[in-house]
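A.B. asks: Structure for this input, please:
(chains A and B)
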2 protein chains.
Amino acid sequence: MRVIFNEEMQAVADDLDHMAQGVRKAIRGAGEALLNADVEAAQTVIDGDAELDARKDSVVDQCVRLLAKQSPVATDLRVVVSTMRLATTFERMGDLAKHVAETARRTYPASPLPDEAKGVFEQMQEFLDATSDDLVSMLADRDAKTAERIILEDDKLDAMHQKTFALALDESVEMSRQQMIDVVLLGRFLERLGDHAVSAARQVVFIVSGFDPSKEPSRDEEGMID
Amino acid sequence: MRVIFNEEMQAVADDLDHMAQGVRKAIRGAGEALLNADVEAAQTVIDGDAELDARKDSVVDQCVRLLAKQSPVATDLRVVVSTMRLATTFERMGDLAKHVAETARRTYPASPLPDEAKGVFEQMQEFLDATSDDLVSMLADRDAKTAERIILEDDKLDAMHQKTFALALDESVEMSRQQMIDVVLLGRFLERLGDHAVSAARQVVFIVSGFDPSKEPSRDEEGMID
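C.D. replies: Coordinates of the predicted model:
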């Protein structure tokens, strides 16, 4: 890993690491809320989102100040630009985790999911828990290998997402209209969490290698929903 | 409007204007596809998305080069940073319009919408058509007044979005499971188009006034779906 170019950039990098940890916590908490009807976990995710928002603002501010004061070029510039994008991506992931938590809180003590849907959502959650571990270590170590794994593995999440549609379309699975809506939206939120993880991973590849994989089509275009 | 700080920045601003026009075209085309079962309009939106993607890459590249070569500060720096964010927002709006178009193409020659849902989607579309006109003129003129209108009006779109849920929940409205899925996702796509328009408007306010309204909670948090 290239030595961060100065103390100030190190401070921003620390903030970004904290954001990645915050995202992991939010994803795990949202999963607890959704799959175990844990309303306290839901509330913690919902309340914790403001901190991710504030930290994003702080990271972007620090980056703009760095650009103004230090006029970085080459790799340093790439790191600053990518850091701004990563902060925005992490903030958005926090929003999505919050949506999941809010859905679980709304239906508490019942689950928003019909029993038949729990299996596939458990799989998606397990996938995202592992992805969020990868996000944290990828960022702490500027590890392009982990980043590449995140990018490659996302197809699996898309396949699980397709299963949620198959389930919603299966007339033999009884569900209320509200459950149908929740299955569709929760599936979408979890799939988008994966897309954003891919987007974050591409930024890290960009920082490390200088190659910008964000120029590939965005995940939401590849993993089409229809 | 402040005079753009040099020729190169003017070239990027022109590209960004083109992106806004491309987004308007995509939103209008998606509406034609969705509401008039116009499969050619759908295909045009789907095919046209690659151009928006490429132009986003070009805008971001030009901005990074400008940062490296010119080391802008103060307002100039703000314009460059906001331009990168705007390009990303517009690209995402293109993706969402494409999703709408793809849904319409999939069900062609039928509409994905049950008859009872057409009214509210027509309203949402009309709203977004007007918003996309505003986006183009806001950007061409760096007009903070239009930007503020976009920000303030978005609540109306959120209210229409809520109506799509009410409709999906209304047992007296007959719809197939596939129609239910499409109503929920199409509603979400259109609502998110509005959110991104708000995000673009906030960037323009930031460019013009120096005040960063993106530090307010994101639209997707305000207009909660549950």
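
A.B. asks: List the single closest residue to the closest residue to chain B within chain A in space, sequence neighbours excluded.
C.D. replies: In chain A, the residue that lies nearest chain B is A:Ser71 (3.6 Å; C-beta to the nearest C-beta). Using the backbone N, CA and C atoms, a C-beta is placed for each residue, glycine as well. Spatially, and ignoring its direct neighbours in sequence, A:Ser71 is nearest to B:Ser71 (3.6 Å; C-beta to C-beta, 6 or more residues apart in numbering or on different chains).

A.B. asks: just to revisit the earlier point, the residue of chain A closest to chain B touches B:Leu77, doesn't it?
C.D. replies: No - at 9.8 Å, A:Ser71 does not count as touching B:Leu77 under the criterion of C-beta atoms under 8 Å.

A.B. asks: who's more crowded, the two?
C.D. replies: B:Leu77 (20 against 17; other C-beta atoms under 10 Å in any protein chain shown).

A.B. asks: Just the element for that one, please.
C.D. replies: helix B:74-107 (DSSP states H and E).

A.B. asks: Would whichever helix or strand comes after that helix count as contacting chain A?
C.D. replies: Heading C-terminal from helix B:74-107, the first helix or strand you meet, by DSSP H and E, is helix B:115-141. No - using C-beta under 8 Å from any C-beta of the partner chain, helix B:115-141 stays clear of chain A, with a minimum separation of 13.3 Å.

A.B. asks: in chain A, which segments are predicted with low confidence?
C.D. replies: Along chain A, the parts satisfying pLDDT under 70 run over A:1-5, A:211-219, A:221-226.

A.B. asks: From the centre of it, give me the residue that's furthest out.
C.D. replies: A:Ser172 (32.7 Å; C-alpha atoms, centre = their mean).

A.B. asks: Three-state assignment for that residue, please.
C.D. replies: coil (DSSP: H, G, I helix; E, B strand; the rest coil).

A.B. asks: same deal with the one 3 residues further on?
C.D. replies: Secondary structure, three-state DSSP: A:Met175 is coil.

A.B. asks: Please state the backbone phi and psi of it?
C.D. replies: phi -150, psi 150 (degrees, to the nearest 10).

A.B. asks: again, but for A:Ala37
C.D. replies: Torsion angles, degrees, to the nearest 10, at A:Ala37: phi 50, psi 50.

A.B. asks: Touching, it and A:Pro112? I think so.
C.D. replies: No - in this structure, A:Ala37 is not within contact of A:Pro112 by C-beta under 8 Å, at 9.3 Å.

A.B. asks: which of those two has more neighbours?
C.D. replies: Here A:Ala37 and A:Pro112 are set side by side on neighbour count (other C-beta under 10 Å), and the busier one is A:Pro112, at 24 against 18.

A.B. asks: So that one is in contact with A:Leu34, correct?
C.D. replies: Yes - the criterion here is C-beta under 8 Å, and A:Pro112 meets it with A:Leu34 at 7.3 Å.

A.B. asks: got the contact list for A:Ala197?
C.D. replies: A:93, A:128, A:131-132, A:134-135, A:150, A:154 (C-beta atoms under 8 Å, 6 or more residues apart in numbering or on different chains).

A.B. asks: returning to what we had before: next, show the common contact partners of A:Ala37 and A:Pro112.
C.D. replies: Residues touching both A:Ala37 and A:Pro112 (C-beta under 8 Å, 6+ apart) are A:Ala104.

A.B. asks: Quick check: closest non-adjacent residue to A:Val81.
C.D. replies: B:Val64 (5.9 Å).

A.B. asks: Could you look up the SS state of the one you found?
C.D. replies: helix.

A.B. asks: ok, residues contacting stretch A:165-173?
C.D. replies: A:114, A:116-117, A:120, A:175, A:180, A:183-184, A:187, A:225, B:177-178, B:180-181.

A.B. asks: how close does the residue nearest to A:Val81 get to B:Leu157?
C.D. replies: When distance is defined by C-beta to C-beta, to the nearest Å, B:Val64 is 33 Å away from B:Leu157.

A.B. asks: who has more neighbours, those two?
C.D. replies: B:Leu157 (23 against 18).

A.B. asks: thought the more buried one was touching B:Glu191?
C.D. replies: Yes - the criterion here is C-beta under 8 Å, and B:Leu157 meets it with B:Glu191 at 6.2 Å.

A.B. asks: Just give me the closest of the contacts of A:Ala197 to A:Arg202.
C.D. replies: Within the contacts of A:Ala197, the smallest distance to A:Arg202 is 8.9 Å, found for A:Ile150 (C-beta to C-beta).

A.B. asks: ok, now which ones touch the closest one?
C.D. replies: A:131, A:134-135, A:138, A:197-198, A:200-201.

A.B. asks: and the residues you listed as TSV, adding distance to A:Ile46?
C.D. replies: Formatted as TSV, those follow (distance: C-beta to C-beta, whole Å):
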residue	distance to A:Ile46
A:Thr131	21
A:Asp134	25
A:Leu135	21
A:Met138	26
A:Ala197	21
A:Val198	25
A:Ala200	22
A:Ala201	27
